[in-house]
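Peer 1: No letters, just coordinates:
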Ligand code: ADP
Ligand code: MG
């Protein structure tokens, strides 16, 4: 039996804009199991990034609970949240967010050095991670010397550096052409299957959805529809 890794209970996030209240999420109930590959779909403004940021401890709900393996992270202090993000979460963003003045290997070493255990032998570990994403030949390249797809694979290696429980990806292929986008999705799926890392991938691109174990559609800050996919498509078979 799989275990829930994340459980959102009546999670609401709203913003006060003068006299009006803007609801980004309304009483969301959602359970994600360990090892799932989730695609979170929805039009712009539907609450996808808000959901991801709450799960990743970058933001706190206005009300409701967010259980990570049974512990309510909505009650965490800022320093507890920092530790949670560092130990449990890998983030991947649309615009890679690599440090431009560090090489591919150094970008990953930087993440490794945030963790006491991984601090030792960080350069060797960074090379191993680059090998996993097929970029060990690019270790000494700076981000500007890498293609978009290569930069995103470095960002994936960095996100995986400290063996996170959750890999949270916000439009990770949004800035890539089809071929490199597919390479990035394949890399994510491989990690999900080999290491059982739970992946939550946010996109507005419905063509990506068939690769997921479950597809969650948001609309106006609420769940519109959840679809379980008994036979996820291979990345190569996605109809872009
Ligand atoms: P998505 O990622 O699906 O495009 P978001 O989660 O970013 O949507 O936003 C959901 C809603 O919350 C939108 O209507 C957005 O304008 C609103 N929102 C998000 N962040 C803020 C903020 N910091 N202040 C006010 N409103 C916000
Ligand atoms: Mg968004």
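Peer 2: That came through fine. Computed from a predicted model, the values in this text were never measured in an experiment. Ligands and ions are numbered 1, 2, ... in the order given.

Peer 1: Would you tell me which residues of the chain are close to ligand 2?
Peer 2: Applying CB under 5 Å from the ion, one finds that the chain approaches ligand 2 through 48-49. Yep, even glycine has a C-beta here, placed from its N, CA and C like the rest.

Peer 1: run the last query once more with 8 Å
Peer 2: Proximity of the chain to ligand 2, by CB under 8 Å from the ion, involves residues 44, 48-50, 52, 170-171, 202.

Peer 1: For this protein, name the helix or strand with the lowest mean pLDDT.
Peer 2: Averaged element by element with mean pLDDT, DSSP states H and E, the chain has its least confident helix or strand at helix 116-119 (a mean of 86).

Peer 1: That helix: which residues count as buried?
Peer 2: Residues residue 118 are the ones in helix 116-119 that count as buried (16 or more other CB atoms under 10 Å).

Peer 1: one step back: mind checking which of the residues of the chain next to ligand 2 are in strands?
Peer 2: 170, 202 (DSSP state E).

Peer 1: And the residues of the chain next to ligand 2, which of them are buried?
Peer 2: Using 16+ other CB under 10 Å as the burial test, the residues of the chain next to ligand 2 include 48-50, 52, 170-171, 202 as buried.

Peer 1: one step back: of the residues of the chain next to ligand 2, which is the nearest to ligand 2?
Peer 2: Using CB to the ion, residue 49 is the member of the residues of the chain next to ligand 2 that lies nearest ligand 2, at 3.2 Å.

Peer 1: Secondary structure class of residue 218, three-state.
Peer 2: strand (DSSP: H, G, I helix; E, B strand; the rest coil).

Peer 1: separation between the nearest residue to it once chain neighbours are set aside and residue 222?
Peer 2: In this structure, residue 218 finds its nearest non-sequential neighbour in residue 42, 3.6 Å apart by CB to CB, 6 or more residues apart in numbering. Separation of residue 42 from residue 222 (CB to CB, to the nearest Å) stands at 10 Å.

Peer 1: okay, the two: which has more neighbours?
Peer 2: residue 42 (22 against 16; other CB atoms under 10 Å).

Peer 1: List the backbone torsions phi and psi for the more buried one.
Peer 2: When quoted as degrees, to the nearest 10, the phi and psi of residue 42 stand at phi 160, psi 150.

Peer 1: what number of residues lie near the nearest residue to residue 103 once chain neighbours are set aside?
Peer 2: Nearest non-adjacent residue to residue 103, counting by CB to CB, 6+ apart: residue 140, 5.2 Å away. Neighbour count for residue 140, taken as other CB under 10 Å: 10.

Peer 1: quick one on the thing from earlier: how much space between the residue nearest to residue 218 and ligand 1?
Peer 2: Using CB to the nearest ligand atom, to the nearest Å, residue 42 is found at 5 Å from ligand 1.

Peer 1: does that residue really touch residue 203, like I thought?
Peer 2: No - using CB atoms under 8 Å, residue 42 makes no contact with residue 203, being 9.1 Å away.

Peer 1: pLDDT at the residue nearest to residue 218, what is it?
Peer 2: Note on residue 42: pLDDT of 95.

Peer 1: mind listing what it touches?
Peer 2: Residue 42 sits next to 48, 204, 217-219, 224 when contact means CB atoms under 8 Å, 6 or more residues apart in numbering.

Peer 1: Any idea what residue 65 is bridged to?
Peer 2: Taking DSSP bridges as the rule, residue 65 bridges to residue 9.

Peer 1: Would you mind confirming that it makes contact with residue 6?
Peer 2: No - contact status for residue 65 versus residue 6: not in contact, 10.9 Å apart, counting by CB under 8 Å.

Peer 1: For those two, indicate the residue with more neighbours.
Peer 2: Here residue 65 and residue 6 are compared on neighbour count by other CB under 10 Å; more neighbours surround residue 6, at 23 against 15.
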